[in-house]
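Novice: the amino acid sequence is not available; the structure is as follows:
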């Protein structure tokens, strides 16, 4: 798929270069960590790419490379994209951070956008979504729905983004169900259905009847479906094929408006390095339909929380919140600063176990 | 840490399931090696079986047809190896390694368009009364049919190798192909049959992952299971019953490490994740007592 797209693109560019050099479309590249058919994270980024194509028509040309490993290989792919004439490159996984910065140094005229990272440069922007807002709502539903009071959580890598999700969901599950207990398994991958399924089964074997996942495939939902009486949530994408149960709701990442904005900025020549972190309010984080498997009152509470978060009336990290070791993190009524959240590297009080180094 | 959260019954039940793909692949390779051929392409045949089985399963809607497709896919791929090594006399080690690389690439190509698709899954056995028995019910009577097929295959391979005339010929070919040839046995034909059997078994093992364990298709989803299967054959000293033991041991450590993690044991996750592989190496070192078939890996040439 990739090679064909690239060859076609290269041929098209070559022709365009000869005949009508002045009509060069803006070329936008996307680097994906999983396959576009993962049904989750990469699937949604690719939907954003397709939205860009539809919105701009012939004025923009997009290319993508899927299943690019994080690390040195990513730099090779980005360099190739820049050499092929990309004007703007979206690198859509946390682990591409250093590769993005390194490639950006080599190509000062190419604009880069790195998802979920924190390193910027004159030609590197970062963007992310406040997934933790959605996690708070998941936690609320999970705390209300669990009967075994054991909630299983499949973590990918122990980075602040994932730890934020664990903490946000735990706080809100605990708030409605003081007996709730978390079991966390780290799989050290964003996308590996075999491992994700194995982890989900293990958690279910240990009594979890709600599975939360921070990995990109639908395998945990498939495991929940097989087990019966276990619920889960769509991650990154709606995963509606598992509705109404086990998938009772979902967090949906909607990148399309942002991508269209940024491509427009490149066309207008107004692109500047920036840091964007939007949540439910601006629509970057969507909450998928809460199905009939959830009782009416729980659904109403969840939707109410969503409204209050969207309106900015409620912050999912509002004190009093203690760290795992019992020390005070946020005092009564205090909300977490973005800086704190971006570097979050501890569990809140009540979660057992250690975060792997 | 809360070890009481680990339910031993469920642990054993999931151990048996986790071991099944390894068991199929290891039994197949065991027969191949007993015929004197070293096929290092197990990983490639497994992953090809995984995608062939998934495609057939999705298109036909039947998981069992999927397993048939997987067996056919794995056997076809292994016959490439067979033709290269038996007729064109290429080096078995190099050809086997190439087969793994080829299988990984081929499966990725075939799998385009099948990512994120939901496949059919075979139903779990549910025998009234028996499946509801405490402990035994879940461990012995609560699996899908392929688990039992794997166990049956252990018996079948054991019987074939030690109790049948065909097995005697196969072993003769593996121990000393020149002598077998002098006695009038068709060395190449016997070996090709063994290779195809090995490919079919590896294919079924791979399909067990894509149709039952996950159940989904992703590139590289076998994740090194083929190599473990090769190690199990050595560990088993080329004996079917010990292959079963080896598969359970590896499956057991895999399942146990996840359970320990979920129970919050204070051991670095990295050590837990590598433990199945460490145990495999350790056991290989401690139990390297078996004797390999005499002609294993040697090229047979009629005039030789």
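Specialist: Received the coordinates, thanks. These numbers come from a predicted model, not from an experiment. Numbering: from 1, shown residues only, chains lettered A, B, ... in the order given.
Novice: quick check: residues of the stretch 201-304 of chain B near chain A?
Specialist: By CB under 8 Å from any CB of the partner chain, the residues of the stretch 201-304 of chain B that approach chain A are B:209, B:213-216, B:218-219, B:221, B:223, B:254-255, B:258-259, B:261-264, B:266, B:268-270, B:273. (Glycine included, C-beta is placed from N, CA and C.)
Novice: buried ones among those residues?
Specialist: Among those, the ones that count as buried by 16 or more other CB atoms under 10 Å in any protein chain shown are B:209, B:213-216, B:218-219, B:221, B:223, B:254-255, B:258-259, B:261-264, B:269, B:273.
Novice: break down the chain into its helices, ranges please.
Specialist: All of this is about chain A. With DSSP state H as the criterion, chain A has helices at A:2-19, A:41-56, A:72-83, A:97-106, A:131-145, A:160-176, A:193-205, A:219-227, A:256-268, A:296-310, A:338-342.
Novice: could you do chain B instead?
Specialist: Counting by DSSP H, chain B has helices at residues B:8-34, B:42-60, B:63-82, B:92-110, B:136-141, B:145-163, B:165-175, B:177-182, B:187-208, B:225-235, B:240-262, B:269-286.
Novice: quick check: which of the ones you listed is buried the most?
Specialist: helix B:42-60 (a mean of 29; mean count of other CB atoms under 10 Å in any protein chain shown).
Novice: elements contacting it?
Specialist: Here helix B:42-60 touches helix B:8-34, helix B:63-82, helix B:92-110, helix B:187-208, helix B:225-235, going by 3 or more CB pairs under 8 Å, 6 or more residues apart in numbering or on different chains; DSSP states H and E.
Novice: ok, the residue of the stretch 1-150 of chain A found nearest chain B to residue A:48 distance?
Specialist: As assessed by CB to the nearest CB, chain B sits closest to residue A:37 within the stretch 1-150 of chain A, at 3.4 Å. Distance, residue A:37 to residue A:48, using CB to CB, to the nearest Å: 16 Å.
Novice: what's the answer for residue A:138, then?
Specialist: Counting by CB to CB, the separation of residue A:138 from residue A:48 is 23 Å.
Novice: what's the burial count for residue A:175?
Specialist: Burial of residue A:175 is recorded as 13 neighbouring residues (other CB atoms under 10 Å in any protein chain shown).
Novice: surely it touches residue A:144?
Specialist: No - at 10.2 Å, residue A:175 does not count as touching residue A:144 under the criterion of CB atoms under 8 Å.
Novice: hang on, the earlier thing: out of residue A:138 and residue A:48, which sits in the busier spot?
Specialist: Just comparing residue A:138 and residue A:48: by other CB under 10 Å the higher neighbour count belongs to residue A:138, 27 against 19.
Novice: now residue A:280: phi and psi?
Specialist: Phi and psi for residue A:280, reported as degrees, to the nearest 10, are phi -60, psi -40.
Novice: correct me if wrong: it contacts residue A:302.
Specialist: No - at 11.9 Å, residue A:280 does not count as touching residue A:302 under the criterion of CB under 8 Å.
Novice: what is in contact with the two at once?
Specialist: Counting by CB atoms under 8 Å, 6 or more residues apart in numbering or on different chains, the shared contacts of residue A:280 and residue A:302 are residue A:287.
Novice: residues from the stretch 51-200 of chain B in reach of chain A?
Specialist: By the rule CB under 8 Å from any CB, the part of the stretch 51-200 of chain B lying against chain A is B:112-118, B:121.
Novice: now with 10 Å, please.
Specialist: Residues of the stretch 51-200 of chain B lying near chain A by CB under 10 Å from any CB of the partner chain: B:108, B:111-119, B:121, B:124.
Novice: redo those as TSV? Include distance to residue A:294.
Specialist: Output for those, formatted as TSV (distance: CB to CB, whole Å):
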residue	distance to residue A:294
B:108	39
B:111	35
B:112	37
B:113	34
B:114	32
B:115	30
B:116	25
B:117	27
B:118	23
B:119	28
B:121	26
B:124	27
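Novice: make a ChimeraX selection of the buried ones in those.
Specialist: To isolate the buried ones among those in ChimeraX, judged by 16+ other CB under 10 Å, type:
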select /B:108,111,114,115,116,117,119,121
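Novice: which of the residues of the stretch 51-200 of chain B next to chain A lies closest to residue A:44?
Specialist: residue B:116 (12.2 Å; CB to CB).
Novice: who does residue A:88 form a beta bridge with?
Specialist: In this entry, residue A:88 is beta-bridged to residue A:28, residue A:111, by DSSP bridges.
Novice: got the contact list for it?
Specialist: Applying CB atoms under 10 Å, 6 or more residues apart in numbering or on different chains to residue A:88 gives the contacts A:26-30, A:52, A:60, A:62, A:81, A:110-113, A:123, A:125, A:259, A:262-263, A:265-267, A:271.
Novice: quick one: residue B:154 and residue B:240 touch, right?
Specialist: Yes - Residue B:154 is within contact range of residue B:240, at 5.1 Å (criterion: CB atoms under 10 Å).
Novice: now the common contact residues for the two.
Specialist: Joint contacts of residue B:154 and residue B:240 (CB under 10 Å, 6+ apart) are B:23, B:26-27, B:30.
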